[in-house]
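S.K.: below are the sequence and a predicted model for it; my questions follow.
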Amino acid sequence: MKRISIATALCASIMFSCKGPTTTSSNYGNQLTFGPGEEQKIEEAFLSIKDSTEIVLQEGNYKFETLSIAQANHVIIRGAGPTKTILDFKDQKQGGEGIRVTDVTNFSIQGMAIRDSKGDLLKINKGKDIKISELHAIWSTADSTSGGYGIYPVLCSNVLIENCYAEGASDAGIYVGQTNGAIVRNSKAAKNVAGCEIENSTNAEVYNNEFYNNTAGFLVFDLPDLSQRGGKIKAYNNNIHDNNFKNFAKAGSFGTSWGVGNASPGSGVIILATSDVEIFDNNIKNNNTSAITIASGFSVDDKAAEKISDKYNPIPSNIKIHGNTINMGNEFPKPAYDHRVGQLIIATEQQLNVVETDRKNKRIPAILYDGVTSNILTQGTDPNPDKLCINQPGENMFVNADFAMVKDPKNWKPSTNMQPFVCK
């Protein structure tokens, strides 16, 4: 039987084409065109938008407090291009979103840059058939004063993000949360805490992207107490490189035990407490703390077992890693030494060299598995009960970090034995 990818199925299901922004004005019953200086009219048009409406924002710079759309179907917001139509929210007096979109179907936004809101730049909540293309979401300064998310669909279905760029987010530049059916492709993210994050989402494909100069390049997380469990995530043909930037996640909601505040500088890919994830055919280079980290919820919360439900399991399972091109630099990035998880990974390297004295390459191996399995819940003895599958030939490729024993140094025994986890 011919295999049909998630991407193919999703493109077929979305009402608009996945080939690019080809929508024409004739597809909409109402067309509204605005230029710079008409900000008040634009705000009113967003608030009072009708079904089947196209709003065109001509080339130029616009200044807004916030823009909001709710309960609309078949709508497109179109600019002249991300270097030509610029929406500036830097004078916002409160910490809300730049553009907030709620309860929409068949919604598209394309061809503009949005900048410097106090909160998230673009948030789409409870949407179906969503397309975000040729959109740049940028904060001028990459620090904790930035909003959390650049491009932020949440509680959505059938989302396409393509040809976008995100910079400066204090959580994730491109984020897909609690969503069923998503594609992120041909996009870039830099100088964010996380370049791209897929969280508690299902049936997502992330491909042909470049994530670089972030704290961590690409994250797949499941967190507790959310509306759904994630899984069935594929990431392939991405260039994930040089993610060694400081972690500037905000305290509080973004810096809690579950937030991206845990991402160590120097992380390429982090898989946390999720299942059915496949990472393959990617270029993962010069992420100098860990190329790929696979971790359980216990690594960030000792009480993770108390949060187990039908929507959350802290143990990652059915993780497949194969065919990637991976290398790391010779030294940890300096920001890792000031970060809690970075310090733990540095200590793992040191402990591994104590336990395995004959190692020729003393650097931390590229793939780090925290080693916490479902055996701690079942009292089982299977060496690979959660079906971790790795096919990554090469020197210094894998370490089971044995994090369950990290507080007992005499019995803490990281191991480079990958044999139980090699794809059968």
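M.R.: Arrived safely.

S.K.: show me where this structure has helices.
M.R.: 6-13, 39-47, 340-355, 375-378 (DSSP state H).

S.K.: which strands or helices does the third one pack on?
M.R.: Helices and strands in packing contact with helix 340-355 are not found; criterion 3 or more CB pairs under 8 Å, 6 or more residues apart in numbering; DSSP states H and E. Just so you know, the C-beta spots here come from the backbone N, C-alpha and C atoms, and that holds for glycine as well.

S.K.: name the spans of the stretch 1-150 of the chain whose pLDDT lies under the cut-off.
M.R.: Within the stretch 1-150 of the chain, the stretches with pLDDT under 70 are 1-26, 95.

S.K.: quick one: which of the helices of the chain is nearest Lys90?
M.R.: helix 39-47 (13.7 Å; CB to CB).

S.K.: how far does that closest one sit from the chain's center?
M.R.: Offset of helix 39-47 from its chain centre (CA atoms, centre = their mean, to the nearest Å): 31 Å.

S.K.: please name every helix or strand in contact with that helix.
M.R.: Right, helix 39-47 is packed against strand 30-34, strand 53-57, strand 60-63, strand 67-79 by 3+ CB pairs under 8 Å, 6+ apart.

S.K.: make TSV from these and add distance to Asp386 to it.
M.R.: Shown next, in TSV, are the helices and strands packed on helix 39-47 (distance: least, CB to CB, whole Å):
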stretch	distance to Asp386
strand 30-34	52
strand 53-57	48
strand 60-63	50
strand 67-79	42
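
S.K.: same list, those strands, but as JSON lines with mean neighbour count and distance to Asn262 please.
M.R.: Formatted as JSON lines, the helices and strands packed on helix 39-47 follow (neighbours: other CB atoms under 10 Å; distance: least, CB to CB, whole Å):
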{"stretch": "strand 30-34", "mean neighbour count": "14", "distance to Asn262": "43"}
{"stretch": "strand 53-57", "mean neighbour count": "21", "distance to Asn262": "38"}
{"stretch": "strand 60-63", "mean neighbour count": "16", "distance to Asn262": "36"}
{"stretch": "strand 67-79", "mean neighbour count": "20", "distance to Asn262": "32"}
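
S.K.: which one of those lies nearest to Ala263?
M.R.: Nearest of the helices and strands packed on helix 39-47 to Ala263, taken as CB to CB: strand 67-79 at 30.4 Å.

S.K.: the closest one vs strand 53-57, what angle?
M.R.: In terms of direction (axes from the mean of the first three to the mean of the last three CA atoms, to 10 degrees), strand 67-79 departs from strand 53-57 by 70 degrees.

S.K.: partner strands of strand 67-79, parallel or antiparallel?
M.R.: Neighbouring strands of strand 67-79 in its sheet, by DSSP bridges, are strand 53-57 (parallel), strand 99-115 (parallel).
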